[in-house]
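*Asks:* sequence-free structure coming up:
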Ligand code: AMP
């Protein structure tokens, strides 16, 4: 084992402690900048992962599988305290990290060398090697192996370091550092200021691996980062669609003589990477979901006729007898680890492909939509369960409207209008005006539902005792990498959904307001939650309010809020940073005047 790298873990811990007590975003970025400058080439990627509470790029889906029980066994071995005693004190301590930090057992080389022998003092690299070894332990004897490795890491650490090791190992790091903040820190360290973050963000959009971007930046500078390309088996961030509030605006915004009006499906966004006979599927959250859809993998192998390709499309539940699509809820039953094959037969899906961004070694991102579509048509042989999105090409508002109405009649959600102009490139990771969605409006004044992040909860009273009476919801603001409150949400939940809330949020509850939240004191909830769950909300309108921080206007001392919000459904396929952005809310507010 090569553990000769420079940075001691205690050095990183000093930074982590500072980050934890910093609520100013700029101060956080400065701290990160200093930390990154100190890193060796083989440490910088690891630092990025650790700061985000991970040990590898999210899409690699590396799981340590270190639940509370296993962690308690490791702690017990490392510090020589009985598991039962630890369990008794856990409730009061609050979490495993706080619990272990209470025991003043000095670092010592443990007797667990059989599994792993980290150096004393512990280094950042050795900790990463150890955690990676825990993740790769599987099969017979893996339980003991996982426990033993974590125990050996904890043994050589100081009580303070142990706190962070346990939190990293159990997936509870919660530093409040988001991807964009980490990129800001990298820009400060290597490019002089956070203004240059956008270059790093573009590369990140293409490879979804912040550690990789950091390594290239440190090694080859900005020119190296600019050379980062879409790569097979590494998901790119999907391009997203904008919304408008009148159909006329579609034509105003998409400056293209002809507009492609495509069917909009209510399913799950899936990016497929075909590498010869190998197919990998990635969700909108960029997690690997290949095992969940063996039927989609089969269809791609049979009907996509090219050596390598990256496809973008929507998987929709499909009724084979009637030839119709089923709602999103039906598709959600396919989210499972077990009995996958049985459910693939019970709930068939159809993969509707709408884009091709890579073909036979060449990225197609910079090609126009008509060119990409033509290329897609060349390689796809449509069949019952895989096809290219249906569309019409409209050159008038009537054309868009009649296709939209036709889609609604056929039970679809709406349409996505796409520019056909020369510059209609695929903009990975951005919500672009080259794509505009138009949905059925559910009779609301707002043209579309919003996807908000639950950031806190107020305890319920009366019939809601024992659960939450309302959830505090927020939009995401990518400029500051922060979440801004926009409404309290108490209506629209069924009894079962209400009952589930305490359990669901128990896992993400934290003692204090996370650093990335912007909330007015008056709106502080009883419980704070880490950003984890996205919910779809229907509101009657966007209004100005002194109570919410979304698009806060310091002079008027007002932000924007949603009136009469109603819960529609959970959006498990969206991550918090994919929620509706504050800028979109500002745009909806601005459009209000036009309706
Ligand atoms: P929304 O989730 O409401 O923001 O709508 C955008 C989503 O619609 C995309 O992220 C896709 O998952 C989905 N979608 C369905 N049909 C299409 C299509 N033809 N083109 C692009 N996106 C589509």
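*Replies:* Ah, there it is. Note that the structure is predicted; figures quoted are calculated from it, not measured.

*Asks:* residues contacting the closest residue to residue 106 other than its chain neighbours?
*Replies:* In space, and not counting its chain neighbours, residue 106 is closest to residue 158: 7.5 Å by Cβ to Cβ, 6 or more residues apart in numbering. Where you see a C-beta, it was placed from the backbone N, CA and C, and this is true even at glycine. Residue 158 sits next to 10, 106, 107 when contact means Cβ atoms under 8 Å, 6 or more residues apart in numbering.

*Asks:* let's go with 10 Å and repeat that
*Replies:* Residue 158 sits next to 9, 10, 13, 101, 104, 105, 106, 107, 121, 122 when contact means Cβ atoms under 10 Å, 6 or more residues apart in numbering.

*Asks:* Could you report the distance from the second one to the ligand?
*Replies:* Spelled out, it's residue 10. 44 Å (Cβ to the nearest ligand atom, to the nearest Å).

*Asks:* you'd agree that residue is up against residue 121?
*Replies:* Yes. In this structure residue 10 lies within contact range of residue 121 using Cβ atoms under 10 Å: 6.1 Å.

*Asks:* Find residues that contact each of the two.
*Replies:* In the contact map built from Cβ under 10 Å, 6+ apart, the residues linked to both residue 10 and residue 121 are 107, 157, 158, 161.

*Asks:* hey, what's the closest residue to the ligand within the stretch 101-250 of the chain bridged with?
*Replies:* The minimum distance from the stretch 101-250 of the chain to the ligand, using Cβ to the nearest ligand atom, falls at residue 241 (4.9 Å). Counting by DSSP bridges, residue 241 forms beta bridges with residue 432.

*Asks:* Could you count how many residues lie near it?
*Replies:* 16 (other Cβ atoms under 10 Å).

*Asks:* For it, give me its contacts.
*Replies:* Contacts of residue 241 by Cβ under 10 Å, 6+ apart are 264, 416, 417, 418, 431, 432, 433, 434, 435, 436, 437, 438.

*Asks:* Go again with 8 Å.
*Replies:* 416, 431, 432, 435, 436, 437.

*Asks:* do the same with residue 41
*Replies:* Residues near residue 41 by Cβ under 8 Å, 6+ apart: 215, 218, 219.

*Asks:* same thing with residue 280?
*Replies:* 233, 272, 273, 288, 290.

*Asks:* do the same with residue 215
*Replies:* By Cβ under 8 Å, 6+ apart, residue 215 lies in contact with 41, 44, 45.

*Asks:* Now residue 252: which helix or strand?
*Replies:* helix 247-253 (DSSP states H and E).

*Asks:* Look up phi and psi at residue 494.
*Replies:* In terms of degrees, to the nearest 10, the main-chain angles of residue 494 are phi -80, psi 170.

*Asks:* Burial check on it, number of neighbours?
*Replies:* Neighbourhood size, residue 494 [other Cβ under 10 Å]: 9.

*Asks:* Kindly report the same for the one 3 residues further on.
*Replies:* Burial of residue 497 is recorded as 14 neighbouring residues (other Cβ under 10 Å).

*Asks:* what does residue 59 give?
*Replies:* By other Cβ under 10 Å, 19 other residues sit near residue 59.

*Asks:* That one: what secondary structure?
*Replies:* What DSSP: H, G, I helix; E, B strand; the rest coil gives for residue 59 is helix.

*Asks:* Cheers, nothing more for now.
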